[in-house]
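J.: Build me a model:
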Amino acid sequence: MAPRKRNTMEPSTRITRSSTKQPKPIIPEKSPKKKKAKISPPEEKKEAEETKVLAVDDGSKKTIIVEHCKQCNSFKTRALLVKDGLEKGLDGGVKVVLNPEKPRRGCFEIREEGENGEKFVCLLNMKRPFAPMKALDMDKVVSDILVKIK
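T.: Here you go, the predicted structure:
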């Protein structure tokens, strides 16, 4: 049978190196609970109001919509070429918008805004390697659109 442990009321008088180096144990203070920030849903309403205001202000300018798929970077480069070409060609007389809504897959479309808006280029449901889009001469496309707009 193992010997019983003695009940000691007095702290040990023995001093060791580790006991002299350590100060009294530090008890971490409990920090107050942080409140979560409330996410406000009116942000969507603000964005919708801003788009309505923009549509009213730009009534004199024509709006061209370039819808390009986000599947491949080649769509984006061609869309930016069209945007730059149209803005330089008409010296700010036209507003070019890239992807105002979620784009369709495999789509590259350049059209005028509105229900009766003219479609300048419409390439839909393209599969890789996107040959119809890559076959387009973007300078010629931009010049054709400029002629149709004027």
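J.: low pLDDT regions in this protein?
T.: 8-13, 18-29, 40-60 (pLDDT under 70).
J.: Roughly how far does F75 sit from L124?
T.: 13 Å (CB to CB, to the nearest Å). C-beta: built from backbone N, CA, C; applies to glycine.
J.: Comparing the two, which shows the higher neighbour count?
T.: F75 (23 against 13; other CB atoms under 10 Å).
J.: what's the helix or strand for that one?
T.: According to DSSP states H and E, F75 maps onto helix 73-89.
J.: Tell me the helices and strands packed up against that helix.
T.: strand 62-68, strand 94-98, strand 108-112, helix 131-134, helix 138-149 (3 or more CB pairs under 8 Å, 6 or more residues apart in numbering; DSSP states H and E).
J.: Strand partners (parallel or antiparallel) of the second one?
T.: In other words, strand 94-98. strand 62-68 (parallel) (DSSP bridges).
J.: try the third one
T.: Taking DSSP bridges as the criterion, strand 108-112 pairs within the sheet with strand 62-68 (antiparallel), strand 119-123 (antiparallel).
J.: how close does the nearest residue to L80 once chain neighbours are set aside get to Q71?
T.: Nearest residue to L80, sequence neighbours excluded (CB to CB, 6 or more residues apart in numbering): L98, at 7.7 Å. Counting by CB to CB, the gap from L98 to Q71 is 15 Å.
J.: Keeping just the C-alphas, turn stretch 85-103 into PDB.
T.: As requested, the backbone C-alpha atoms of stretch 85-103 are provided in PDB (Å, rounded to 0.1, in the frame of the first residue of the first chain):
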ATOM      1  CA  GLY A  85     -12.800  52.800 -79.200                       C
ATOM      2  CA  LEU A  86     -16.400  54.000 -78.800                       C
ATOM      3  CA  GLU A  87     -15.600  56.600 -76.200                       C
ATOM      4  CA  LYS A  88     -12.600  58.000 -78.100                       C
ATOM      5  CA  GLY A  89     -14.500  57.900 -81.400                       C
ATOM      6  CA  LEU A  90     -17.400  60.000 -80.200                       C
ATOM      7  CA  ASP A  91     -15.500  62.100 -77.600                       C
ATOM      8  CA  GLY A  92     -17.800  61.300 -74.700                       C
ATOM      9  CA  GLY A  93     -21.000  61.500 -76.800                       C
ATOM     10  CA  VAL A  94     -21.900  58.000 -75.900                       C
ATOM     11  CA  LYS A  95     -21.900  56.100 -72.600                       C
ATOM     12  CA  VAL A  96     -20.600  52.500 -72.700                       C
ATOM     13  CA  VAL A  97     -21.500  50.100 -70.000                       C
ATOM     14  CA  LEU A  98     -19.900  46.700 -69.400                       C
ATOM     15  CA  ASN A  99     -22.100  44.000 -68.000                       C
ATOM     16  CA  PRO A 100     -24.800  46.000 -66.200                       C
ATOM     17  CA  GLU A 101     -26.500  42.600 -65.300                       C
ATOM     18  CA  LYS A 102     -25.100  39.200 -64.800                       C
ATOM     19  CA  PRO A 103     -23.700  38.100 -68.200                       C
END
